[in-house]
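Peer 1: predicted model and sequence follow; I will ask about them next.
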Amino acid sequence: MPIVIQVFPDLDPAIIEVKAPTTEVTVQEFYQAVRQWEDDPASLSYRSLISGAGGEDLGGSTSVGYTFTMQNAKIKFEDRTTPLDDGSGRTCDATNSQGIQLYVDDADFVTSGVYAGAIVVNLTTSERATIIDVIDANTVRHFRLSGAGNQGWTSGDEYIILPNVICNITGGNLVAVDSNGDAIDPVYQSVGVNVIRSSASSGTVSQQSSIEYSSFNGGVTIDTTSSYTGTTFPVGTPQQPVNNTTDALAIAAARGLTKFFIKGNITLDSGTDFQEMIIEGESKTKSVITISDAADVSNCEFYHAEITGVLDGGNVLKDCLISTLSYVNGYIENCVLSFATITLGGSSEAHFLDCWSGAVGNDIPIIDMGGSGQGLGMRNYNGGIKLINKSGAEKVSIDLNSGQVVLDSTVTNGEIVIRGVGKLTDNSNGATVNAGDLLRRESITEITWDTIYIDTVNGSSGTSFPLGTAGNPVDNITDARTIADRQNISKYSIKGSVSLDQSYSNWEFLGAGSILNDSIALNGQTLSLCKFVDISISGSCTSSNIQCERCYLTNVSGIAGSLIDSAIIGTLTLGGVGSILGAQQLRGASLPTIIDINGANRIFQASLFGGTFQINNSQAGSVVQLGLRWMESVTLDASNTGGTAILTGNGNLTDNSSMSVTNTLYNVDGIADGVWTYER
């Protein structure tokens with residue numbers, strides 16, 4: 001059964017996770033899985049994560065052993081966090097327990113699947129040890145408990161037994177380097193997993209052809225500044241890029257490859273036949289591919305480079321920067337058009353899909369229609385575009401996401417349809433221009449109005465239309481509310497600082513600029529079912545249920561509802577009796593960040609995402625449930641005289657309270673004790 005991986009390419013280094021239940025992978029199948037991910041169209045925008053080397057011929061049908069190198073990436077086996085025995089309803093019977101044994105009268109460690117190497121944790125003292133063996137259904141023998149003063153077991157201690165799964169990497173050498181090329185550990189350690197990595201024990205293998213093929217990573221690498229020429233392996237691999245296109249084409253033909261990786265810049269000149277090949281640069285800023293009129297690039301695909309020169313038709317260009325370019329027909333996708341002229345040709349249609357203008361100010365990219373014979377379709381275009389030199393009857397269709405179209409006076413024939421949102425400057429002379437479905441600024445009316453815009457610095461006072469629209473923001477919240485009530489609108493876009501002067505129900509408050517500069521003072525108002533997004537909030541309120549997404553809350557009180565990916569500064573105080581506040585990815589931005597439960601019968605549930613937190617003023621009937629992720633620190637203050645606290649995850653707890661506390665936290669020392677590493 002093929003292994004299943006999940007790739008996290010945006011991390012540094014990238015993480016390639018082997019999904020459970022797999023516990024053993026060979027380096028060959030791991031390499032193939034990563035290459036399959038890289039070849040997926042959805043992954044083309046990411047860098048290569050793995051390369052292969054080795055396989056040099058030693059004679060006698062044998063070759064040097066192969067090594068796969070992860071490029072600023074690490075392998076990780078999926079975490080195993082499900083307990084083998086969670087001790088639910090059972091506790092230690094110390095009268096039958098010795099210093100290196102756990103005896104539980106009503107347990108069944110055999111049925112639970114407890115095994116040697118698993119980790120037993122004394123939840124009462126936070127001590128832990130590795131299990132040596134299972135003596136019988138009620139008894140496990142383990143190494144001496146460590147941590148928290150080596151207290152051992154006491155009658156009534158709660159326990160949990162966690163897995164420690166052995167995962168193997170076999171069948172060759174798997175290494176890793178960072179972004180600078182320096183060696184790093186290829187294994188990213190997982191919770192509940194012990195990884196054993198076995199290097200190849202023999203210096204030779206008899207799979208030279210397939211290993212050489214895999215070393216190319218699916219294509220020939222060309223670097224014109226390289227010192228390597230010829231076609232002898234490993235020339236043309238990422239480790240030894242070939243420096244000329246003639247040898248590169250010969251290597252590709254011999255290996256059955258149709259893809260070329262370009263490092264740096266290159267000119268495709270006479271004598272180069274790249275028909276139906278795939279040519280991929282390093283990025284829009286690192287690779288310039290200049291195409292001579294003498295080169296044959298018909299039906300070629302180009303990726304991740306700046307492209308300039310003369311094409312031959314039937315081309316696909318994706319994720320590129322387009323400079324001066326001629327004879328364009330085919331598909332240009334997800335590309336940036338520079339301040340240059342693109343000339344169509346070949347009596348075929350050209351399609352621009354999800355593209356953007358890269359010109360700024362008054363500069364604008366130009367498409368030369370080539371006179372007659374060429375049609376044009378532009379879908380979801382962003383920015384400005386100018387059409388010139390159109391004398392044929394072929395149709396043009398432009399769908400704007402946002403931007404402008406300029407039709408030059410040399411556009412004299414054909415039907416041109418322009419839709420979407422933007423601006424049209426029509427200087428055409430004889431063409432039929434249909435822009436009835438183009439939504440322009442001057443055509444926006446009160447019918448399409450769904451947000452009141454407030455800018456306390458650059459807005460204007462008053463309530464007459466178009467005040468409160470995006471182009472004419474109002475400068476105060478009193479006028480904004482008057483306009484909103486008249487238009488039956490319940491959403492603000494706020495730039496600057498406002499103070500609420502009345503109650504709100506079922507409203508949205510959106511920050512329009514910087515979360516550090518856009519702010520709301522709650523000013524003691526009553527809020528019900530309101531939503532705040534990308535904005536700073538301060539002051540007190542009376543709330544039954546509000547939602548905050550990506551907000552900064554500074555000394556906010558009276559709150560109930562939910563916080564999503566938000567940060568707390570100072571003290572956050574819950575509302576009245578029965579208040580429930582839930583938080584996802586809550587950050588603490590002050591030392592410490594104080595959560596004031598504000599008495600009895602309140603509930604605060606949060607997943608913490610960084611910071612130092614202090615819980616205050618919990619009384620009977622209140623519940624505090626915290627999930628710690630990145631080794632956060634939590635203090636239960638002495639002002640907590642009642643209620644329940646439940647803490648899970650990775651972090652540290654200081655408990656000065658009188659609460660009922662359930663603590664299953666792992667700290668740095670505990671994780672180190674619970675994970676073994678082994679390498680040979």
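Peer 2: Noted; the coordinates are in hand. The model shown is predicted, which means the values in this text are computed figures rather than measured ones.
Peer 1: the helices in the stretch 101-250 of the chain, which residues?
Peer 2: 208-215, 245-255 (DSSP state H, counting those that start in this stretch).
Peer 1: same check on the chain?
Peer 2: Remark: helices assigned in the chain by DSSP state H are 27-39, 208-215, 245-255, 477-487, 668-674.
Peer 1: just to revisit the earlier point, nearest to residue 155, of the helices of the stretch 101-250 of the chain?
Peer 2: Using CB to CB as the measure, helix 208-215 is the one of the helices of the stretch 101-250 of the chain that comes nearest residue 155, at 60.3 Å. C-beta coordinates here come from the backbone N, C-alpha and C atoms, glycine included.
Peer 1: ok, residue 326 - contacts?
Peer 2: Residues in contact with residue 326 (CB atoms under 8 Å, 6 or more residues apart in numbering) are 309-311, 342-343, 345.
Peer 1: any regions of the chain where pLDDT drops low?
Peer 2: 1, 54-66, 95-99, 148-150, 198-211, 441-448, 668-680 (pLDDT under 70).
Peer 1: can you list the domains in it?
Peer 2: Listed by automatic domain parsing, the domain ranges of the chain are 5-79+167-210, 94-99+108-160, 211-437, 560-680.
Peer 1: how many other residues sit next to the spatially closest residue to residue 298 that is not a sequence neighbour?
Peer 2: In this structure, residue 298 finds its nearest non-sequential neighbour in residue 312, 3.8 Å apart by CB to CB, 6 or more residues apart in numbering. Residue 312 is flanked by 20 other residues according to other CB atoms under 10 Å.
Peer 1: next, residue 312: phi, psi?
Peer 2: Phi and psi for residue 312, reported as degrees, to the nearest 10, are phi -130, psi 10.
Peer 1: my read: it touches residue 297, true?
Peer 2: Yes: the criterion here is CB atoms under 8 Å, and residue 312 meets it with residue 297 at 5.3 Å.
Peer 1: turn the helices of the chain into JSON lines, columns for mean neighbour count.
Peer 2: Formatted as JSON lines, the helices of the chain follow (neighbours: other CB atoms under 10 Å):
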{"stretch": "helix 27-39", "mean neighbour count": "18"}
{"stretch": "helix 208-215", "mean neighbour count": "19"}
{"stretch": "helix 245-255", "mean neighbour count": "19"}
{"stretch": "helix 477-487", "mean neighbour count": "18"}
{"stretch": "helix 668-674", "mean neighbour count": "15"}
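Peer 1: can you say which of these is nearest to residue 304?
Peer 2: Of all those, it is helix 27-39 that lies closest to residue 304, at 12.9 Å by CB to CB.
Peer 1: contact partners of that closest one?
Peer 2: Contacts for helix 27-39 (CB under 8 Å, 6+ apart): 2-5, 7, 16, 18, 43, 46, 48-50, 52, 68, 75, 169-174, 214, 217-218.
Peer 1: for ChimeraX, write a command that selects the buried ones of those.
Peer 2: Those of these that count as buried under 16 or more other CB atoms under 10 Å are selected in ChimeraX with:
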select :5,7,16,18,43,48,49,50,52,68,75,169,171,172,173,174,214,217,218
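Peer 1: who wins for neighbours among the contacts of residue 326?
Peer 2: Ranked by neighbour count (other CB under 10 Å), these have residue 311 at the top, with 24 neighbours.
Peer 1: in the protein, which residue is most central in space?
Peer 2: Per CA atoms, centre = their mean, the C-alpha nearest to the average position across the chain is that of residue 10, at 5.8 Å.
Peer 1: check contacts around that residue.
Peer 2: Residues near residue 10 by CB under 8 Å, 6+ apart: none.
Peer 1: any idea how far it is from residue 245?
Peer 2: According to CB to CB, to the nearest Å, residue 10 stands 33 Å off from residue 245.
Peer 1: can you check residue 328 too?
Peer 2: Residue 328 is 22 Å from residue 245, by CB to CB.
Peer 1: count of neighbours near the nearest residue to residue 373 once chain neighbours are set aside?
Peer 2: Closest residue to residue 373 apart from its sequence neighbours, by CB to CB, 6+ apart: residue 347 at 3.9 Å. A count of neighbours around residue 347, defined by other CB under 10 Å, yields 14.
Peer 1: now the phi/psi pair for residue 347, please.
Peer 2: Dihedral angles (degrees, to the nearest 10) for residue 347: phi 50, psi 40.
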